[in-house]
Each structure stands twice: as C-alpha cells, then as structure tokens.
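Novice: From the sequence below, what's the structure:
(4 chains)
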2 protein chains.
Amino acid sequence: MSVPGGTRPTLEAVAALAGVSRATVSRVVNGGTGVRAEICERVRQAVAELGYVPNIAARSLVTRRTGAVAVVIAEPETRVFSDPFFAQQLRGIGRELGAADTQLLLLMVESDRDHARIGRYLSGGHVDGALMFSLHRADPLPAMAAASGLPTVFGGRPDWPDESHAGERPLYVDTDNRDGARQAVRHLLARGRRRIAVITGPLDQTSAQDRLDGYREALAPAAADPLLIADGGFTAEGGERAMAALLGAVPDLDAVFACSDLMATGALRTLRARGLRVPEDVAVVGYDDLAPAAWADPPLTTVRQDVQEMGRLMARLLLRRLAPGDEDLSPVVTPATLIVRESS
Amino acid sequence: MSVPGGTRPTLEAVAALAGVSRATVSRVVNGGTGVRAEICERVRQAVAELGYVPNIAARSLVTRRTGAVAVVIAEPETRVFSDPFFAQQLRGIGRELGAADTQLLLLMVESDRDHARIGRYLSGGHVDGALMFSLHRADPLPAMAAASGLPTVFGGRPDWPDESHAGERPLYVDTDNRDGARQAVRHLLARGRRRIAVITGPLDQTSAQDRLDGYREALAPAAADPLLIADGGFTAEGGERAMAALLGAVPDLDAVFACSDLMATGALRTLRARGLRVPEDVAVVGYDDLAPAAWADPPLTTVRQDVQEMGRLMARLLLRRLAPGDEDLSPVVTPATLIVRESS
DNA sequence: GGGGTGGGTGAGAGCGCTCTCAAATGAAGT
DNA sequence: ACTTCATTTGAGAGCGCTCTCACCCACCCC
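Specialist: Model prediction:
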C-alpha cells in the first residue's frame, strides 16, 4: 500500500517478489489469461503488497494506446459552464466512456495560444482519440486532428472543406437541425402567427446555419424578412439583446423562434420587461429542450434533441472507430421533435 | 506536415535527415542550447519537413514528467456545470497553468466506480500533480493522492486526519470562511435584525462547517436557535427548499444568511413566492459574490471571495510545489470582504 | 610544441513495459 | 516407448526518448 522511498515499484520488483518473470506479471496485470491460477494468485498478492501501479508511459510507449480520449470544446469556460447543453452532452459522453474504462480529458480552447497547445497535445499521443464540439467555421482544430491522424468524432456536422482532407469524410453526431427549425416555424404558422422572427446562433456554426435555413424553408414561398432575423450568439444575454433589436425593428411581430432555449429565456426577459404577454402577444419557441425550457415562465415550447444521448452516441462512435476492424462507420443524425408547452 | 504511411516520424528519422545524431536533435527540440546555430537550423528544417512531434510517452518515461495537471472535482457534472464557482475557479487555474505551458485535465468524480478509476489514473503517472476541490469528509481521494505521492493542492481546507498521513501537512488555498460568515451576521445584527437564520452548505465540507461556525460565533453569547439552521446543499433548489423549511419553523425570522449566492437566489425565490419583501421583511445575505449575486433581484449583499484568484493561487502553489528546490510551502488563506447591496 | 581548456557532438545505456518466440512441461495418441 | 500437441512460462528484443560521458577539435598559454 505504501510507497517505499519515493520510487514506485516496477514490474521487475513484483516479478522478483512473486518468483516469476516479468512477462508473467504483465500477463496477470492485464487480465491473467493463460496463467495458472496458483501463480496468478501469488502475483496478485505481490502486486498488493508492493502497491504496484503500472507506469502508463511505459505501457503506452509500446502499445501505442493511452486509454484516454480528449473532449475539446472550442468555447471559453464561461460559455461551457453556463450552457446546460455542454453539461448534458458531457454527461452522456462520460457515461459511455466510463463504461469502457476510458478516461475523459476535457480541454477547453479559449485563446489562439490555446489552439497551438491543444494541437500539440492532441498530436503528441496523449490520447487515443478526440471528441470535438461547437466548432466555428475557421477553426483549425479539425485540420490539425486530420493531419495528425487522430481519430475524431465531431458534435454537430463540421464545416469540412473537401479539398483539404484527402477525400476523407468526417464522423459526427448531429440532430436534424433544419427539420427541427421547420417544425418550430410550421407550428407557429399553424397557430396563426404571421410575423415570425428568429434569433439565430452564431452563423459560422453549421447548427445555427441549418436552423436558420429550416426557418427560411418553412416560411417559403414568402421570403423571410431580413428585419426578422437577429443573432443571439447562443447565450441568454444575446437572446435578450436580439429580442430587443427585433422589437425595435418590427414592433408588430407576433412570434419568435429562438434557436436555443437559453436565448429563448433571454427573449422572454425582454418581452416581460416590455410588458408583452407570452404567448398572447408574442409566441416563443425555443430549441434544445434542456432544463431552462421547462423552468421558464411560461414553460417553453421547444424542439427537443436528446443531448445526453447525442453525447453517448459520439462516445460510442469514437470507441468503435478506435476498435480494430470496425471500419465502415458513418455519421449519425438524430431526429428532432417538437414539444409544445405554454409559450406558444 | 503530412503523416507518411500512418507511422509518425521518430527522433531517429529526423536525425538521419539532418545528418546528425539523436542526441543533437533532442537538444534542439528541447530548447537548442549548446548547439551550433547552423546545425540547429538544419534540424529544425528536418523537423518541419517530417512533421515530427515528440512522443510524450517515451519522453515522460524517462523524464518522469508529463507536463499535465489534473483538476479533480468531486461533484456530479450537473453541479460542476451549474455552479459559477467552479467556472471561475477553473478559469483562474486555466490561466495560470496555460502560462506555464501545462495542460489542464478535468476529471469529474460522480460515482464510486469513478473514484477507483480516477485513483488509478492519478497514481498511474498520467499527471505531475493534482488540484482537488469540493471534497467531502469521507472522500478517499486525498488519501489516495497522498499514498501515491502525487503532489496535490486542495481548494478549500481538506479534512485531514493527522494520523493517516504520516504527519504531512496538506497544501491548500481557502478563504477565511469563518470570518466571512461573522462579517455577514454582524452586518445583519447592525441593521437591527434579531431572528437571523442560516442556510448552510453540506456540513461534511469544511467551508460549509466553517461558515456555520462563524455564524454561531457572531451570534454568541446568545446561542443560535437550531430551528434557524437549514441545509441548502450549495444549490439554488436546496436554498429554495431550506428557506421554505425555515419559514415554516420560524415564521417571524427577519434575516437569512445563505452560505452561497446560489442558495441565496433560491431563498429569494421562496421569499418572493410567499409575498415577503426583501429587505423590508427579510434581509438576505449571500456568500461568494459571483454573477448571480449582482444579477439577483434585489442585488445581493454578499461576502466576496475572489474565486478566480483562488484558482490562480492554487495553480501557482502546485507549480511551485512541482518545481525543484521550492520546498517550504504553506497553505494560503485569502480574506473575505462584505459587499453591501440592496438585499439587506 | 606540449598540455590545458572548453564548447559541440555522438555513442550508448537505460526508463518500464509488452509481446514474440522458443523452451519446458505434461497429457494424450499411436 | 515415442511422437504430437496444447498449455505455461521465461528470455530478450524493442517502443522513442533523454542524458551521461567520452571524444573531438579548435584555441590559447607557457
């Protein structure tokens, strides 16, 4: 149990104590198949006595495996820690990875300096694979990962310039954002709303762009009025500001589709501050169906995507990608479902 | 830039291309001191040409250093991601570590199974040191870290049973929780409040216990009424429930000291729901001075601790602990300051 | 010219582990 | 009794890197 003299015991020491060879100890430590039960037990005892823990640097030097996977989130901590989307997704990932006894390393990218460090980290062989989220268009990370050959699964369809990746197709898990947005807008239309605004996420993310496209599609043939479109940056404060801007430009709007629940709660705040009733004066629909949607006042009609499940799927996809033999994998797109509550 | 054939180039390959020995390449890669400029340049070119990235497993096998530090949070993701305390602390840590070019690995402990895995991870030599937060009394992690000899700095004074650690003293960063609580309660007394309730955190954490002690101390010589004490578990929902319980037990209370801003906002919700005015009917004081305090309605009087700075201090302390020679380090306790706003 | 001096370089020994391969053992088949 | 074969075990060769030494080659001093 204790550490004698600061130096940790090695395989060699265990082998000596148990009176067997290094190879045998290694076999026992790694599952013990093909070792006589009696010897197996003796080795285990020696391991316990010395408090032996394998040195993973040595191990992964030869196996070329680390048993760890990086989760890279290309957002500042403040967003990562205030958006329940990430928490849910991470929870799903953590579950799945934990079940496979794989360690999850969370890397947050804030500044450009971080990019370089993370790039180095990823291609340095610290991890067997990476899960990347919330990428913006110009992000160099996917290219870095591809260049270093690190198996990667993306959360949300990445912007993937064909020419730059030797024809390789990215692996990702996404929801059908376009369809979700379409459902939201059609629902508002069916409720008789005619001046439907949209609060988008940052349009350099495919999910935000896809939802905007869905909105436009549902509104066609009537073209969407550009005055009814505002960027809320996927944050509550952004939603608040975007709603204010929309009301300034189009005072008689009668509905708003916020492309995330967080932005919807921001919009709700602005509407309340202006004395507008929801849904009587303005109907509101969100996106995500995370905790804030149900807690909002009034509870939000929203487009549900099972975020935790998406995380789980990402992890599973990466794990399969990492397993030998399983080569023909393809992206997963989960369906979006409209959940109708009081806000519309 | 590209990876030829899937196998990454080694030092050997770079040495061959540059026409020098492995040792020289190693020297260049690690700073290049003591290498003739001309050769240095030739090596750098070879590195660039082959897209060489050092294999850190091999490196840390010999250096016994990984260049990474683990941050262990003994809370479920849901709490980690909903409490701005962690976000701020992590931000401070990230800053400091980033400046030292050290990688931050975030490990969350949710179930007991995780404990075992994390323990293995920490003692497996993946990281040079660990930063641990939010430990509860019976947590086995500190003992594991101590047993494996992993340099560790704690966020908040850990519960440290003397006998179990061979007389070694833990390194930690904490605020003066007792004094902070004392200030809060004295402030309420000075405002003429007489029935002052407290919403505590989980009492198996020293920070929660210390704040409760400070509350009691400020109230002495009059002993604190046990009916005025409720546990809010450091969450908003817990604060909401605790406030309700307190009002049920002592309807005429005229002030409440919530041991975190999050719990204070929960208390505020309950008070508002009961139609009680803050601060006219019930004065409220929080603790932390994080975003929710300033955003609350009314803005919260609270006890300020510079959380981000604490994170930075933790990282700095660990980094110094890791540096050779710097041995006589001691815990850091930062002061707490009362910030008076409208809620009291 | 002999003997320092010292910066720059390479040879080689590991770091702790896995894994192949051959040897040893013993049971079973002829 | 001799071969065959499966099952255990150990010897030893690396994995890719760092780091200690010894070495080489100016260069300088007496």
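Novice: In a strand, A:Met132, correct?
Specialist: Yes: under DSSP: H, G, I helix; E, B strand; the rest coil, A:Met132 falls within a strand.
Novice: beta partners for the residue nearest to it when sequence neighbours are not counted?
Specialist: Leaving aside its sequence neighbours, A:Met132 sits nearest to A:Val72 (C-beta to C-beta, 6 or more residues apart in numbering or on different chains; 4.6 Å). Using the backbone N, CA and C atoms, a C-beta is placed for each residue, glycine as well. For A:Val72, the residues forming beta bridges with it (DSSP bridges) are A:Leu107, A:Met132.
Novice: List the residues that contact A:Val72.
Specialist: Neighbouring residues of A:Val72 by C-beta atoms under 8 Å, 6 or more residues apart in numbering or on different chains: A:107-109, A:118, A:122, A:130-133, A:141.
Novice: Would you mind giving those as CSV with distance to A:Val43 added?
Specialist: Shown next, in CSV, are those (distance: C-beta to C-beta, whole Å):
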residue, distance to A:Val43
A:Leu107, 37
A:Met108, 41
A:Val109, 44
A:Ile118, 40
A:Leu122, 36
A:Ala130, 36
A:Leu131, 36
A:Met132, 41
A:Phe133, 43
A:Leu141, 43
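Novice: which one of these sits closest to B:Arg79?
Specialist: Among the contacts of A:Val72, A:Met108 lies closest to B:Arg79 (C-beta to C-beta), at 18.1 Å.
Novice: So which other helices or strands are in contact with the lowest-mean-pLDDT helix or strand in chain A?
Specialist: In chain A, no helix or strand scores lower on mean pLDDT, DSSP states H and E than helix A:77-82, which sits at a mean of 74. Here helix A:77-82 is seen to pack against helix B:77-82, helix B:84-99 when contacts are counted using 3 or more C-beta pairs under 8 Å, 6 or more residues apart in numbering or on different chains; DSSP states H and E.
Novice: Can you name the residues in contact with that helix?
Specialist: Under C-beta under 8 Å, 6+ apart, the answer for helix A:77-82 is A:73, A:86, A:108, A:110, A:234-236, B:80-81, B:84, B:86-87, B:90-91, B:94.
Novice: quick one: the closest residue to A:Leu227 other than its chain neighbours from chain B, how far?
Specialist: Nearest non-adjacent residue to A:Leu227, counting by C-beta to C-beta, 6+ apart: A:Ala249, 4.5 Å away. Look at A:Ala249 and chain B: by C-beta to the nearest C-beta, to the nearest Å, they are 27 Å apart.
Novice: what do you get for A:Ala264?
Specialist: Taking C-beta to the nearest C-beta as the measure, A:Ala264 falls 18 Å from chain B.
Novice: Then A:Leu262?
Specialist: Taken as C-beta to the nearest C-beta, the span from A:Leu262 to chain B is 13 Å.
Novice: Thought A:Asp83 was touching that residue, still the case?
Specialist: Yes: when contacts are counted by C-beta atoms under 8 Å, A:Leu262 is listed as touching A:Asp83 (6.2 Å).
Novice: Residues that sit against both of these two, list them.
Specialist: With C-beta under 8 Å, 6+ apart, A:Leu262 and A:Asp83 have common neighbours A:234-235.
Novice: ok, the two, which is more surrounded?
Specialist: Between A:Leu262 and A:Asp83, A:Leu262 has the larger neighbour count (other C-beta atoms under 10 Å in any protein chain shown), namely 29 against 24.
Novice: how about the helices in chain A?
Specialist: For chain A, the helices defined by DSSP state H occupy A:11-18, A:22-29, A:37-50, A:56-63, A:77-82, A:84-99, A:112-123, A:141-148, A:177-190, A:206-219, A:236-249, A:261-273, A:291-295, A:307-322.
Novice: any idea which of these is most buried?
Specialist: helix A:261-273 (a mean of 24; mean count of other C-beta atoms under 10 Å in any protein chain shown).
Novice: Mean confidence (pLDDT) on that helix, please.
Specialist: In this model, helix A:261-273 carries a mean pLDDT of 92.
Novice: who's in contact with the residue nearest to A:Ser148 when sequence neighbours are not counted?
Specialist: In space, A:Ser148 comes closest to A:Ser123 once its chain neighbours are excluded; the distance is 3.4 Å by C-beta to C-beta, 6+ apart. Applying C-beta under 8 Å, 6+ apart to A:Ser123 gives the contacts A:144, A:147-148, A:150, B:53.
Novice: any idea which of those residues is closest to DNA strand D?
Specialist: B:Val53 (7.2 Å; C-beta to the nearest atom of the strand).
Novice: so what's the closest one closest to, chain neighbours aside?
Specialist: Distances taken as C-beta to C-beta, 6+ apart put A:Ser123 closest to B:Val53, at 4.9 Å, once the chain neighbours are dropped.
Novice: per-residue pLDDT, the one you found?
Specialist: 79.
Novice: do the same with A:Leu329
Specialist: 88.
Novice: Now do it against A:Phe81, distance only.
Specialist: Going from A:Leu329 to A:Phe81 by C-beta to C-beta, to the nearest Å gives 31 Å.
Novice: Repeat that for A:Phe154.
Specialist: A:Phe154 is 21 Å from A:Phe81, by C-beta to C-beta.
Novice: Disregarding residues adjacent in the polypeptide, which is nearest to A:Ala138?
Specialist: Nearest residue to A:Ala138, sequence neighbours excluded (C-beta to C-beta, 6+ apart): A:Asp204, at 7.1 Å.
Novice: That neighbour touches A:Pro158, doesn't it?
Specialist: No: using C-beta under 8 Å, A:Asp204 is not in contact with A:Pro158, being 11.6 Å away.
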